[in-house]
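> Below are the sequence and a predicted model; questions follow.
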Amino acid sequence: FAVLTTVGAVFLIPNPSAHALQIGSIVFPDFNPPVTIDQSKPTTVAEPEWVALQIGRNFDSGKGDVVILIPGTTDYDGTDQLGRTRDIGMFGTDPDTQPPVQVVDYPAAFGLTIGPLPIYLAGEGTFNESVDIGTRKGVAAAEAAYDPDNPDQIIVINGYSQSSPVAMNVAHMLKERGTIPTDQIVVIVGADSRFPHSGVENVVPSFIPGMYTNGDRDTDDMEGIKVISYCVRGDATCGVGNPFTNPIGTFFYLIPGFYVHAFLTYRINEYEVIDTWSSQDPDRGCGCGNTTYVVYDGGNPWGMMLRDLGIPIPTEVDDILSAIIPVPMPGEQSTIAGVPVPTPRELQDSIYEALGLTVTVTDPDVNKTVRDDMLVDDTQDDSKTATPATTANTATARGLAERVDTTANDEGADNNSADDDDGAAGEKKDDKKYG
């Protein structure tokens with residue numbers, strides 16, 4: 001966990017408008033890390049096939065659809081999240097029919113506490129505090145966007161990384177509050193830290209104040225709500241290995257896994273879908289709920305990272321390295337000789353239950369006190385409307401691509417900027433953010 005936190009902190013360092021580090025009352029000097037990644041590299045722009053397949057229709061502003069977009073860590077104005085969703089066609093490729101996007105304003109912070117001492121690694125606040133505030137503000141934004149006179153409207157709750165559990169919490173609380181019909185709510189999340197078995201909150205035990213982990217999510221709690229959760233293989237937030245069964249692969253892929261998570265998931269239309277399953281499948285899920293899981297493969301994480309940094313590693317090297325040290329498979333139950341092996345977080349649940357103890361959790365689906373408080377919460381909506389997409393920040397759809405060699409940019413691809421100021425909501429706080 002120390003390795004995970006240390007490496008994660010490196011990738012979560014915000015830029016000048018949010019201090020780099022705070023320990024107690026000591027705020028360390030701001031600094032601007034050099035920009036080494038260009039997220040405006042051309043990519044395939046297309047609406048993923050699973051949108052219409054799982055939802056039943058395409059998103060359409062003409063039907064009153066609205067996207068409630070909750071940014072990831074330090075992505076304060078939602079620029080990065082717009083770049084990895086709307087601007088690659090996730091909500092449709094025609095700017096004239098794309099739903100309007102409301103960007104939720106919340107801390108998007110990452111930190112912990114040791115006794116009375118707060119340690120803020122990114123932004124201002126702990127991880128758990130940020131998720132709690134984001135959930136309340138997301139609920140307020142969704143309820144404000146809902147039109148009770150329009151039964152055709154879809155409210156899309158979108159999150160990535162830290163904001164994936166926020167988005168799921170928002171949908172859960174909308175269902176519990178009964179303010180929006182469940183069949184008009186759709187959740188789309190990427191790199192969920194509570195992804196089954198392999199999400200970081202399903203691997204890391206819950207014991208650090210401010211960074212308590214919530215374990216697996218019961219998809220039955222989302223009954224009636226259509227959910228799509230996608231993960232890129234190798235992502236160090238949703239695709240972490242089990243250190244009990246795969247210690248080498250788990251730690252070997254941490255560094256490139258953070259890179260994939262931070263910088264490469266806006267390229268998912270270039271990647272191959274290698275696994276999909278439903279929570280309704282009794283062999284893979286609970287036989288309940290309506291969550292669809294999608295796993296993408298863009299190559300070996302080391303190869304993906306090095307090629308993006310300009311080092312021309314042949315894709316054949318990916319296959320060799322993956323054969324030697326397999327990349328953990330998102331959503332896969334670890335086994336030894338066919339016998340399931342729990343993750344450290346899952347083992348913690350079993351041990352605490354045997355001892356009559358309670359694991360500390362903070363999300364409303366697993367913490368009744370938090371849930372009850374959110375049932376009567378009256379947080380007001382202060383979300384901001386994102387500047388509508390134009391052809392300048394949403395390229396012409398070219399259809400889904402086969403797995404491509406990213407050593408060179410596609411000829412003819414539009415230069416789709418995943419970090420376009422024009423697509424941001426409100427004032428841009430950072431030159432660079434890390435999801």
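It's in.

> Do a quick rundown of the strands in the chain.
22-23, 26-27, 66-70, 101-103, 110-114, 117-122, 155-160, 185-190, 226-232, 272-278, 291-297, 335-336, 339-340, 384-385 (DSSP state E).

> Any chance of a markdown table for those strands, columns mean pLDDT?
A markdown table is the format used below for the strands of the chain (pLDDT from 0 to 100):
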| stretch | mean pLDDT |
| --- | --- |
| strand 22-23 | 68 |
| strand 26-27 | 66 |
| strand 66-70 | 98 |
| strand 101-103 | 98 |
| strand 110-114 | 93 |
| strand 117-122 | 90 |
| strand 155-160 | 98 |
| strand 185-190 | 98 |
| strand 226-232 | 98 |
| strand 272-278 | 96 |
| strand 291-297 | 97 |
| strand 335-336 | 94 |
| strand 339-340 | 96 |
| strand 384-385 | 97 |
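
> looking at the ones you listed, which is closest to Ile255?
Ile255 lies closest, by CB to CB, to one member of these: strand 226-232, at 15.3 Å. Glycine gets a C-beta too; all of them are placed from N, C-alpha and C.

> Give me the sheet partners of the closest one and which way each runs.
strand 185-190 (parallel), strand 291-297 (parallel) (DSSP bridges).

> which residues touch the last one?
Strand 291-297 is touched from outside by 48, 50, 54, 195-196, 219, 222, 226-233, 239, 268, 271-279, 285, 329-331, 403, with contacts defined as CB atoms under 8 Å, 6 or more residues apart in numbering.

> how far does stretch 245-255 stretch from start to finish?
Counting by CA to CA, to the nearest Å, you get 19 Å between the two ends of stretch 245-255.

> What of stretch 324-335?
19 Å.

> Stretch 267-277 too?
The first-to-last residue distance of stretch 267-277 comes to 22 Å (CA to CA).

> got the buried residues for that stretch?
Judged by neighbour count using 16 or more other CB atoms under 10 Å, the buried positions of stretch 267-277 are Arg267, Ile268, Asn269, Glu270, Tyr271, Val273, Asp275, Thr276, Trp277.

> ok, back up a step: ChimeraX command to pick out the buried ones of the contacts of strand 291-297?
What follows is the ChimeraX syntax selecting those of the contacts of strand 291-297 that are buried according to 16+ other CB under 10 Å:
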select :48,54,195,196,219,222,226,227,228,229,230,231,232,233,239,268,271,273,275,276,277,279,285,329,330,331
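
> remind me which residues of this protein are low pLDDT?
1-40, 391-435 (pLDDT under 70).

> again, only this time at 90
Scanning the chain for pLDDT under 90 picks out 1-44, 52-54, 74, 115-116, 121-124, 282-287, 389-435.

> got the contact list for the residue nearest to the spatial centre of it?
Centroid-nearest residue in the chain, with CA atoms, centre = their mean: Tyr160, separated by 2.2 Å. By CB under 8 Å, 6+ apart, the contact list for Tyr160 reads Pro71, Gly72, Gln81, Arg84, Thr85, Val189, Gly190, Ala191, Thr265, Gly435.

> again, only using 6 Å
Gly72, Gln81, Gly190, Ala191, Gly435 (CB atoms under 6 Å, 6 or more residues apart in numbering).

> what would these look like in JSON lines with distance to Tyr293 and neighbour count?
JSON lines is the format used below for the contacts of Tyr160 (distance: CB to CB, whole Å; neighbours: other CB atoms under 10 Å):
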{"residue": "Gly72", "distance to Tyr293": "19", "neighbour count": "27"}
{"residue": "Gln81", "distance to Tyr293": "20", "neighbour count": "31"}
{"residue": "Gly190", "distance to Tyr293": "12", "neighbour count": "32"}
{"residue": "Ala191", "distance to Tyr293": "12", "neighbour count": "30"}
{"residue": "Gly435", "distance to Tyr293": "20", "neighbour count": "27"}
